[in-house]
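Chemist: missing the sequence, but the structure's below:
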Ligand SMILES: O=C(O)[C@H](O)[C@@H](O)[C@H](O)[C@H](O)COP(=O)(O)O
């Protein structure tokens, strides 16, 4: 696969002829990494993103015969809505990933009732400390503006979200372009993962990715690529 050098980090560009083949390849790589983690430490932690892209990948991964009862699934980010909301990433994961063999996995959501997004983030941050860090697998998406997770370019305190030295796990996000308050893993926790995949589809996302990694104003996805100690595996199909 083409290996691109980007300043202090690099990424691997994995292009597929169509989306089903991408889903099969990404699901296979993720399943292999989870299986390896379970063999090495008795458990594996997978953090996934929401949005409209991952459903086919989730469904494909859900059917793979790995030790799902040893796998913990959580979210890269979440809107401040209950799982019953059509905007909920927890709802998306429940409907598409936590089915078939993957039904046996333990799911750790980010949303819970709280007085506000700050309180939810603080209690999430405390609760998630009991997970076996670092994450084994993180699957990111990317918006046309180069955001990933909930690192929106117009987010308040974006530098705090992108601080590679942060000791936080979850932070609240306020960004006009997000449309609503969000909860997100910090960049610091994402880049510790043993395997980081970026799953993007369509020509528009390819153009947006090329623009985000080109010299110029640094987009959030580029902050992840540059901070990651190992190449991010980009999975793309038209
Ligand atoms: O909660 C979310 O929406 C995701 O975590 C977000 O970062 C997503 O990956 C991108 O916005 C791409 O979304 P699409 O897959 O819908 O293009």
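Modeler: Ah, there it is. This structure is a prediction, so every number in the text was calculated from the model and none was measured.
Chemist: ok, for whatever residue of the chain ends up closest to the ligand, nearest residue in space, not its chain neighbours?
Modeler: Among the residues of the chain, residue 141 lies nearest to the ligand; the distance is 2.1 Å by C-beta to the nearest ligand atom. To be clear about C-beta, it is placed using only N, CA and C from the backbone, and glycine gets the same treatment. Ranked by C-beta to C-beta, 6 or more residues apart in numbering and with sequence neighbours excluded, the top spatial neighbour of residue 141 is residue 49, at 4.3 Å.
Chemist: Please apply the same query to residue 42.
Modeler: Excluding the flanking residues, the one nearest residue 42 by C-beta to C-beta, 6+ apart is residue 70, at 6.5 Å.
Chemist: Residue 136 too?
Modeler: residue 37 (4.0 Å).
Chemist: what comes up buried for the host helix or strand of that neighbour?
Modeler: For residue 37, the host element (DSSP states H and E) is helix 19-41. Neighbour counts over helix 19-41 (16 or more other C-beta atoms under 10 Å) mark 19, 22-27, 29-31, 33-35, 37-38 as buried.
Chemist: Quick check: the farthest pair among those residues?
Modeler: With C-beta to C-beta as the measure, no two of these lie farther apart than 19 and 38, at 28.0 Å.
Chemist: got a list of what the residue nearest to the spatial centre of the chain touches?
Modeler: The centroid of the chain falls nearest to residue 140 when counting by C-alpha atoms, centre = their mean (3.3 Å). The contact partners of residue 140, by C-beta atoms under 8 Å, 6 or more residues apart in numbering, come to 49, 76, 148-149, 190, 196-199, 221, 224, 232.
Chemist: Would you confirm that residue 50 contacts residue 78?
Modeler: Yes. Under the criterion of C-beta atoms under 8 Å, residue 50 makes contact with residue 78 at 7.3 Å.
Chemist: quick one: secondary structure of residue 127?
Modeler: Under DSSP: H, G, I helix; E, B strand; the rest coil, residue 127 falls in the helix class.
Chemist: what secondary structure does residue 172 sit in?
Modeler: Quick answer, by three-state DSSP: residue 172 is strand.
Chemist: surely it meets residue 180?
Modeler: No. Applying C-beta under 8 Å as the test, residue 172 and residue 180 come out as separate, 11.5 Å apart.
Chemist: Looking at those two now, which is surrounded by more residues?
Modeler: The residue with more neighbours, out of residue 172 and residue 180, is residue 172; 23 against 12, by other C-beta atoms under 10 Å.
Chemist: Would you state the strands of this protein in chain order?
Modeler: Assigned by DSSP state E, the strands in the chain fall at 2-6, 9-15, 44-48, 71-75, 77-79, 106-108, 137-140, 170-173, 182-185, 195-201, 232-237.
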